[in-house]
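>>> show me how the following folds:
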Amino acid sequence: MNASLSKHVSLVSAFQPARLPGDPPGLFQHIYTGLVSELSRPSLLAETLCVQLAEAMLWLQRHQRDKHAAIAERMLTIMADFMGEDRLRLPLTYVLAGTASDEVRDEVLDLVYQKGYTLEALRGVAMQSSLTV
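Next up is the predicted model:
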(Lines give C-alpha, C1' and ligand atoms only; values in the text may rest on other atoms or scores of the structure.)
Protein backbone atom coordinates (compact mmCIF):
# COMPACT_ATOMS: atom_id res chain seq x y z
CA MET A 1 0.00 0.00 0.00
CA ASN A 2 1.50 3.33 -0.99
CA ALA A 3 1.81 6.19 1.52
CA SER A 4 -0.99 8.25 -0.02
CA LEU A 5 -3.44 5.35 0.00
CA SER A 6 -2.40 4.42 3.55
CA LYS A 7 -3.09 8.00 4.67
CA HIS A 8 -6.55 7.90 3.07
CA VAL A 9 -7.44 4.54 4.63
CA SER A 10 -6.46 5.76 8.09
CA LEU A 11 -8.48 8.93 7.49
CA VAL A 12 -11.61 6.93 6.72
CA SER A 13 -11.01 4.64 9.70
CA ALA A 14 -10.59 7.61 12.04
CA PHE A 15 -13.90 9.21 11.05
CA GLN A 16 -16.06 6.15 10.47
CA PRO A 17 -19.02 6.24 12.87
CA ALA A 18 -19.84 3.18 14.95
CA ARG A 19 -22.37 0.80 13.42
CA LEU A 20 -25.73 0.96 15.18
CA PRO A 21 -28.45 -1.70 15.33
CA GLY A 22 -30.40 -1.57 12.09
CA ASP A 23 -27.43 -0.36 10.01
CA PRO A 24 -26.56 -2.72 7.17
CA PRO A 25 -22.93 -3.91 7.26
CA GLY A 26 -20.64 -1.65 5.27
CA LEU A 27 -23.22 1.14 4.84
CA PHE A 28 -20.80 3.96 5.71
CA GLN A 29 -18.09 2.53 3.45
CA HIS A 30 -20.64 2.19 0.63
CA ILE A 31 -21.73 5.83 0.96
CA TYR A 32 -18.13 7.04 1.21
CA THR A 33 -16.94 5.00 -1.78
CA GLY A 34 -19.82 6.34 -3.87
CA LEU A 35 -18.91 9.92 -3.01
CA VAL A 36 -15.17 9.51 -3.66
CA SER A 37 -15.82 7.74 -6.96
CA GLU A 38 -17.39 10.99 -8.20
CA LEU A 39 -14.02 12.73 -7.88
CA SER A 40 -11.47 12.49 -10.69
CA ARG A 41 -8.36 13.08 -8.52
CA PRO A 42 -9.33 13.24 -4.87
CA SER A 43 -7.05 15.25 -2.61
CA LEU A 44 -6.80 14.63 1.11
CA LEU A 45 -9.10 17.61 1.70
CA ALA A 46 -11.68 16.30 -0.79
CA GLU A 47 -11.58 12.86 0.82
CA THR A 48 -11.92 14.40 4.29
CA LEU A 49 -14.99 16.27 3.08
CA CYS A 50 -16.35 13.03 1.54
CA VAL A 51 -15.89 11.26 4.89
CA GLN A 52 -17.79 14.02 6.68
CA LEU A 53 -20.52 14.08 4.02
CA ALA A 54 -20.83 10.27 4.21
CA GLU A 55 -21.20 10.51 7.99
CA ALA A 56 -23.90 13.19 7.62
CA MET A 57 -25.74 11.05 5.06
CA LEU A 58 -25.52 8.02 7.37
CA TRP A 59 -26.98 10.00 10.27
CA LEU A 60 -29.75 11.30 8.00
CA GLN A 61 -30.68 7.72 7.05
CA ARG A 62 -30.68 6.74 10.74
CA HIS A 63 -32.86 9.72 11.61
CA GLN A 64 -35.35 8.88 8.84
CA ARG A 65 -35.53 5.24 9.97
CA ASP A 66 -36.15 6.34 13.58
CA LYS A 67 -38.72 8.93 12.48
CA HIS A 68 -40.67 6.35 10.47
CA ALA A 69 -40.59 3.95 13.44
CA ALA A 70 -41.86 6.69 15.78
CA ILE A 71 -44.70 7.57 13.39
CA ALA A 72 -45.65 3.90 13.02
CA GLU A 73 -45.64 3.53 16.81
CA ARG A 74 -47.89 6.59 17.16
CA MET A 75 -50.24 5.18 14.49
CA LEU A 76 -50.50 1.98 16.53
CA THR A 77 -51.24 3.98 19.67
CA ILE A 78 -54.04 5.87 17.90
CA MET A 79 -55.55 2.58 16.70
CA ALA A 80 -54.99 0.74 20.02
CA ASP A 81 -58.22 1.83 21.67
CA PHE A 82 -60.17 0.64 18.64
CA MET A 83 -58.49 -2.72 18.32
CA GLY A 84 -55.89 -4.38 20.49
CA GLU A 85 -52.47 -2.92 19.76
CA ASP A 86 -50.74 -6.30 19.92
CA ARG A 87 -53.09 -7.83 17.35
CA LEU A 88 -52.64 -4.91 14.96
CA ARG A 89 -48.89 -4.31 15.42
CA LEU A 90 -47.49 -6.87 12.97
CA PRO A 91 -50.09 -6.42 10.19
CA LEU A 92 -49.80 -2.61 10.33
CA THR A 93 -46.00 -2.89 10.29
CA TYR A 94 -46.21 -5.02 7.14
CA VAL A 95 -48.61 -2.57 5.49
CA LEU A 96 -46.36 0.40 6.27
CA ALA A 97 -43.31 -1.48 4.96
CA GLY A 98 -45.19 -2.45 1.79
CA THR A 99 -44.72 -6.17 2.44
CA ALA A 100 -48.26 -7.11 3.47
CA SER A 101 -50.32 -9.49 1.38
CA ASP A 102 -53.38 -8.03 -0.33
CA GLU A 103 -55.61 -9.75 2.23
CA VAL A 104 -53.71 -8.34 5.23
CA ARG A 105 -53.52 -4.89 3.63
CA ASP A 106 -57.28 -4.85 2.96
CA GLU A 107 -58.00 -5.98 6.54
CA VAL A 108 -55.79 -3.26 8.05
CA LEU A 109 -57.16 -0.57 5.73
CA ASP A 110 -60.70 -1.62 6.66
CA LEU A 111 -59.90 -1.27 10.38
CA VAL A 112 -58.28 2.11 9.80
CA TYR A 113 -61.34 3.20 7.79
CA GLN A 114 -63.69 1.98 10.56
CA LYS A 115 -61.74 4.21 12.95
CA GLY A 116 -62.52 7.12 10.60
CA TYR A 117 -59.21 7.47 8.79
CA THR A 118 -57.46 6.59 5.58
CA LEU A 119 -53.91 5.30 6.02
CA GLU A 120 -52.56 8.65 4.85
CA ALA A 121 -54.84 10.58 7.23
CA LEU A 122 -53.82 8.32 10.14
CA ARG A 123 -50.16 8.91 9.28
CA GLY A 124 -50.81 12.68 9.23
CA VAL A 125 -52.53 12.60 12.61
CA ALA A 126 -49.67 10.51 14.00
CA MET A 127 -47.09 12.96 12.65
CA GLN A 128 -48.99 15.94 14.01
CA SER A 129 -49.51 14.41 17.44
CA SER A 130 -45.86 13.36 17.67
CA LEU A 131 -44.86 17.00 17.21
CA THR A 132 -46.86 18.03 20.28
CA VAL A 133 -45.53 15.26 22.53
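>>> pull out the buried positions in stretch 43-54.
Neighbour counts over stretch 43-54 (16 or more other C-beta atoms under 10 Å) mark 47-48, 50-51, 54 as buried. Heads up, the C-betas are built off the backbone N, CA and C, glycines and all.
>>> in CSV, list those along with secondary structure, distance to Ala70 and pLDDT.
Below are those laid out as CSV (DSSP: H, G, I helix; E, B strand; the rest coil; distance: C-beta to C-beta, whole Å; pLDDT from 0 to 100):
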residue, secondary structure, distance to Ala70, pLDDT
Glu47, helix, 35, 84
Thr48, helix, 33, 84
Cys50, helix, 30, 88
Val51, helix, 29, 88
Ala54, helix, 25, 90
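>>> rebuild the residues you listed as TSV, extending it with distance to Phe28.
Below are those laid out as TSV (distance: C-beta to C-beta, whole Å):
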residue	distance to Phe28
Glu47	14
Thr48	15
Cys50	11
Val51	9
Ala54	6
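>>> which one of those sits closest to Pro24?
Of all those, Ala54 has the smallest distance to Pro24: 14.1 Å, by C-beta to C-beta.
>>> go ahead and confirm the closest one touches Gly26.
No: using C-beta atoms under 8 Å as the test, Ala54 is too far from Gly26 to be in contact (11.8 Å).
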